[in-house]
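> After the sequence you'll find the predicted model.
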Amino acid sequence: MTETYNKPIALDKIDFVIWGTGDPGWGDPRNVCTRMLSNHIVWLCHKKPMTASEIAKELNVPTLYVEEELEILCRGENGSYGLLRRQDNGRFAINFILLDKDVIEKANAIYTEQLPGICKTISDFIEKYKDEYLAFPYLNKKVDLNLILWQQIKDISAAFSENVKTLLKKKHFADVEETARNFSVFGYVDNGTRYGGGCDGIHAFNVCGFSHIFARNIYVSRVNAHFHCGHDIATDGLLQLAVRAIDGLNIAELSEIEREHAAKAIECGYLYREDDMLYTKILVSSRDDDGRLFKINDRLNKGYFDKESDLVEANIAELIKKSVPKHLLGEWRFANTLASLPILDSVIEALIENGILIPPENGIGAEGCWMSVEK
């Protein structure tokens, strides 16, 4: 008798919000998890390690299909890092931190309870050190505090969770060996809430007279990305104009196509025009100064958030120990990152409300985009 499989109710839509950190070019396991069957297998193995036959029975699909999917999910994109791992007993377990809806909401609430104090501390800190921010040796013809703060805002906002992470390591996970790899992912079951907080960087060599260019941009609720990892400056005429215009670029020397590119570069915030000259609007610094670009913010790790960090640390530690499988405890810091996701957008909104930050119109501009160069 031929076995029949009806469309299983279990394959109703389920989605995850999965973040990544590091170099995705090394191997991003999210890229092989593209089917709803994949999502459901990941979800089941997240709840408890399971065999292929157990998964097939739960989802009411042929075991052969599940076995093929399991192989893909374990192998990942690079053959060694996948969303699942095969255990010695033949069962398959989750291979990245994935928080349930109720857990991520509880984790976020632990952090957001401290937002009023955090936002005031950051506002006062910016006011105290604004002259030092402005004194940094940017290569631009002119800079303003707003662009500098958009460059710094992700680092500034992360200071609180970094303080909590330090306490977590010292008090709760000192004996846990941290997992180290070139790229890692972590996420939560989609609960309809998305947070900003990405920052992508791209390198270019021997372009426009510079031996090395490192461009970066953030993307948050108020700022859209200009580019993502893997983008090639050597084929981007707009970014190349931004590089060429650091010391000024005479419009009369541009070709017709370059003038068209210049108009688009002005529109997206890479350039600005003064009379017949074009100048770079996104912040530019020397590669030699990369090590001190965010140095002012280090002071936020020295007592500014001690009270709030003490209030958060114990609750986050308890949540991590309850919700993260033992074989993934080496990645506990990513659970803390997920818990702190609302902070960046919330700090940005508070600074905008207080007139400290001005967002770009329609989400695209020089804000949150910068580069460092080396001759």
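Cool, the structure landed.

> which residue ranges form the strands in the chain?
16-22, 84-86, 92-94, 97-99, 183-189, 198-207, 210-219, 249-250, 271-274, 277-280, 283-286, 369-374 (DSSP state E).

> need those in CSV with mean neighbour count and mean pLDDT, can you?
To be clear about C-beta, it is placed using only N, CA and C from the backbone, and glycine gets the same treatment. Formatted as CSV, the strands of the chain follow (neighbours: other CB atoms under 10 Å; pLDDT from 0 to 100):
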stretch, mean neighbour count, mean pLDDT
strand 16-22, 17, 94
strand 84-86, 20, 97
strand 92-94, 21, 97
strand 97-99, 27, 97
strand 183-189, 21, 96
strand 198-207, 16, 95
strand 210-219, 20, 97
strand 249-250, 16, 97
strand 271-274, 16, 97
strand 277-280, 20, 98
strand 283-286, 20, 98
strand 369-374, 22, 98
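
> how about these in TSV, adding distance to Ala242?
Below are the strands of the chain laid out as TSV (distance: least, CB to CB, whole Å):
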stretch	distance to Ala242
strand 16-22	26
strand 84-86	42
strand 92-94	42
strand 97-99	37
strand 183-189	28
strand 198-207	11
strand 210-219	9
strand 249-250	10
strand 271-274	6
strand 277-280	5
strand 283-286	8
strand 369-374	7
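
> And those strands: which comes nearest Arg35?
With CB to CB as the criterion, Arg35 lies closest to strand 16-22 of the strands of the chain, at 12.9 Å.

> Strand partners (parallel or antiparallel) of the closest one?
strand 183-189 (antiparallel) (DSSP bridges).

> gap between the partner strand and the chain center?
Its chain's C-alpha centre and that of strand 183-189 lie 11 Å apart, by CA atoms, centre = their mean, to the nearest Å.

> now the helices: where do they sit in the chain?
Assigned by DSSP state H, the chain shows helices spanning 36-47, 52-59, 63-75, 101-112, 115-134, 145-171, 237-244, 256-268, 306-323, 332-339, 342-353.

> Of those, which is nearest Tyr81?
Checking the helices of the chain against Tyr81 by CB to CB gives helix 63-75 as the closest, at 8.8 Å.

> Can you name the residues in contact with the closest one?
Applying CB atoms under 8 Å, 6 or more residues apart in numbering, the contact partners of helix 63-75 are 29, 32-33, 35, 37-38, 41-42, 52-53, 55-56, 59, 82-86, 92, 95.

> same check, this time on stretch 343-363
Here stretch 343-363 makes contact (CB under 8 Å, 6+ apart) with 111-112, 115, 118-119, 122-123, 126-127, 146, 149-150, 153-154, 156-158, 160-161, 195-197, 220-224, 269, 366-367.

> How about stretch 319-328?
With CB under 8 Å, 6+ apart as the criterion, stretch 319-328 contacts 85, 93-97, 99-100, 103, 106-107, 110, 168, 172, 179, 329, 331-332, 335-336, 339.

> Pro325: neighbour count?
15 (other CB atoms under 10 Å).

> any idea how far Gly269 is from it?
For Pro325, the distance to Gly269 equals 44 Å [CB to CB, to the nearest Å].

> same question, Asp23
The value you get for Asp23 to Gly269, if CB to CB is used, is 27 Å.

> Those two: which is more packed in?
Using other CB under 10 Å as the criterion, Asp23 and Gly269 rank with Gly269 on top: 20 against 13.

> what about the more buried one, distance to Ala366?
According to CB to CB, Gly269 and Ala366 sit 4 Å apart.

> which neighbours do those two share?
With CB under 8 Å, 6+ apart, Gly269 and Ala366 have common neighbours 281-282, 360.

> nearest to Asn301, of these?
For the shared contacts of Gly269 and Ala366, the nearest to Asn301 is Ile282 (27.4 Å; CB to CB).

> these two touch, right, that closest one and Cys369?
Yes: here Ile282 reaches Cys369: they are 4.6 Å apart, a contact under CB atoms under 8 Å.

> which residues do the two both contact?
269-270.

> Please give me every residue in contact with the nearest residue to Trp370 once chain neighbours are set aside.
Computed as CB to CB, 6 or more residues apart in numbering, the closest residue to Trp370 that is not its neighbour in sequence is Leu283, at 4.0 Å. Leu283 makes contact with 138, 140, 143, 147-148, 151, 366, 369-371 under the criterion CB under 8 Å, 6+ apart.

> Throw these into a markdown table and include distance to Leu300, thanks.
Converted to a markdown table, the contacts of Leu283 look like this (distance: CB to CB, whole Å):
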| residue | distance to Leu300 |
| --- | --- |
| Tyr138 | 21 |
| Asn140 | 25 |
| Val143 | 22 |
| Leu147 | 20 |
| Ile148 | 16 |
| Gln151 | 16 |
| Ala366 | 25 |
| Cys369 | 23 |
| Trp370 | 20 |
| Met371 | 25 |
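
> Make a PyMOL selection of the buried ones in the residues you listed.
Buried residues among these (16 or more other CB atoms under 10 Å), as a PyMOL selection:
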select buried, resi 138+140+143+147+148+151+366+369+370+371
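
> wait, which of the contacts of Leu283 is closest to Glu313?
Of all the contacts of Leu283, Glu313 sits closest to Gln151, with 29.0 Å by CB to CB.

> Let me know the distance separating that closest one from Tyr138.
10 Å.

> Nearest residue to Asp190 in space, please, no chain neighbours.
Asp15 (4.1 Å).

> Give the burial count for that neighbour, as a bare number.
Quick note: Asp15 (other CB under 10 Å) scores 12 neighbours.
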